[in-house]
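Engineer: Next comes the sequence, and after it the predicted model I'd like to discuss.
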Amino acid sequence: MSKIRLEDGTIEYQGQWLTSEALAKMIQDRIQAGDLKVAELAVALEQLNSAIENTHILEESLVLSKEDYTRLLQTGGGDEKESVRQAIMAFIGKKEAQASPMPFTPKNEQKTLIRCSNCNQQVEVPSNERPIVVECSGCGTSCRLTL
């Protein structure tokens, strides 16, 4: 399946982000020019239309403390919309494939914090005891720390 950006209703096709209208015009232009090789364009158009039909746009306003907002941003790599999307997906229990899962890494010297490999939320390690099993409060993923 191609990459789709639902926020602006576009799909990546041959290195360009195109709307369904642009894809339909490209199909029409090719047919009018006598080029009937439109299967790839039609598949991209169908994928985009199907994705748009099967989504719901959620527009909400949240008030967070600065500390919670900073923690939220860390879950999506600094991108606000991606952070909220990932947090919601973790909350409803839908795991998404990531290109490379984030490893658990120490974040702060004063208290040991790690990042959840599933939802990227910070998780506090309750003691220096090793091995220890730590559970993410955001998504419930468990990790065994040995070092």
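Structural biologist: Nice, I can see it.
Engineer: longest helix of the chain?
Structural biologist: Looking across the chain with DSSP state H, the single longest helix is helix 39-53.
Engineer: Just the buried positions in it, please.
Structural biologist: Leu41, Ala44, Leu45, Gln47, Leu48, Ala51 (16 or more other CB atoms under 10 Å). From N, CA and C alone the C-beta is placed, and that goes for glycine too.
Engineer: Can you give the contact residues for the helix or strand just after it?
Structural biologist: Per DSSP states H and E, the first helix or strand lying C-terminal to helix 39-53 is helix 66-75. Residues outside helix 66-75 that contact it (CB atoms under 8 Å, 6 or more residues apart in numbering): 64, 79-80, 83-84, 86-87, 90, 115, 119-122, 138.
Engineer: What are the structural domain limits within this structure?
Structural biologist: When the chain is parsed with automatic domain parsing, its domains come out as 4-53, 66-145.
Engineer: Using JSON lines, please lay out the ones you listed together with distance to Glu59 and mean pLDDT.
Structural biologist: Below are the domains of the chain laid out as JSON lines (distance: least, CB to CB, whole Å; pLDDT from 0 to 100):
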{"stretch": "domain 4-53", "distance to Glu59": "11", "mean pLDDT": "92"}
{"stretch": "domain 66-145", "distance to Glu59": "11", "mean pLDDT": "74"}
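Engineer: all strands for the chain, in order.
Structural biologist: 4-5, 10-13, 16-19, 113-115, 122-124, 132-135, 142-145 (DSSP state E).
Engineer: distance between the third one and the chain's centre?
Structural biologist: Strand 16-19 has its average C-alpha position 19 Å from the chain's average C-alpha position, going by CA atoms, centre = their mean, to the nearest Å.
Engineer: go on, the shortest one?
Structural biologist: On the basis of CA atoms, centre = their mean, the separation between the geometric centre of strand 4-5 and that of its chain is 11 Å.
Engineer: and that strand, what does it pack onto?
Structural biologist: For strand 4-5, the packing partners by 3 or more CB pairs under 8 Å, 6 or more residues apart in numbering; DSSP states H and E come out as strand 10-13, helix 39-53.
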